[in-house]
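> My questions concern the predicted model and sequence given below.
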Amino acid sequence: YGLIIFADARYNRPDKRNKLPQWIRQHLGDEHLNLSTDMGVLISRRFLKRMAQPVSDEDQQAVALSLADLRDPVRIREAIAKTVVS
């Protein structure tokens, strides 16, 4: 996991955001635009704390791939698509 911080005010404009890849845009909601430094740090800190928590076996199984999955590129793409959408 990681963070991308767009500290440039130009990313507040939809025409600039639309030039970003879809996998970034889907996580860039209006609530994350035009933030103060303090609010950006707070949101980042919460995200990193949440990501640092242990993953349950059930959640791990939801994204784990079997050997058969690893040998089949279609299954890999489907598994990635499911994980990204969730």
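All right, it came through fine.
> Now for Lys82, how many residues are close by?
11 (other C-beta atoms under 10 Å). In this view, the C-beta of every residue, glycine as well, is placed from N, C-alpha and C.
> max-length helix in this structure?
The longest helix of the chain (DSSP state H) is helix 37-51.
> element containing Ala7, please.
Taking DSSP states H and E as the definition, Ala7 sits outside all helices and strands.
> now swap in Val55 and tell me
Applying DSSP H and E, one finds Val55 in no helix or strand.
> Any idea which residue is closest to the centre of the chain?
His27 (5.9 Å; C-alpha atoms, centre = their mean).
> residues in contact with stretch 37-54?
1, 3, 5, 32, 35 (C-beta atoms under 8 Å, 6 or more residues apart in numbering).
> what secondary structure does the third one sit in?
Three-state call for Ile5 (DSSP: H, G, I helix; E, B strand; the rest coil): coil.
> Name the nearest residue to it, ignoring sequence neighbours.
Among residues not flanking Ile5 along the chain, Gly40 sits closest, at 6.7 Å (C-beta to C-beta, 6 or more residues apart in numbering).
> Could you check how many residues crowd around that neighbour?
If we define neighbours as other C-beta under 10 Å, then Gly40 has 15 of them.
> Over to the one 4 residues further on?
Neighbourhood size, Ser44 [other C-beta under 10 Å]: 13.
> Could you report the distance from it to Ala68?
38 Å (C-beta to C-beta, to the nearest Å).
> Distance of the residue lying closest to Ala68 once chain neighbours are set aside relative to Asp59?
Nearest non-adjacent residue to Ala68, counting by C-beta to C-beta, 6+ apart: Arg75, 7.3 Å away. Between Arg75 and Asp59 the computed distance is 19 Å (C-beta to C-beta).
> Neighbour count for those two, which is higher?
Under the criterion of other C-beta under 10 Å, the comparison of Arg75 against Asp59 puts Arg75 first, with 14 against 11.
> Just the element for the more buried one, please.
Residue-wise, Arg75 maps onto helix 73-85 under DSSP H and E.
> Run through this structure and note the low-pLDDT ranges.
61-65, 67, 83-86 (pLDDT under 70).
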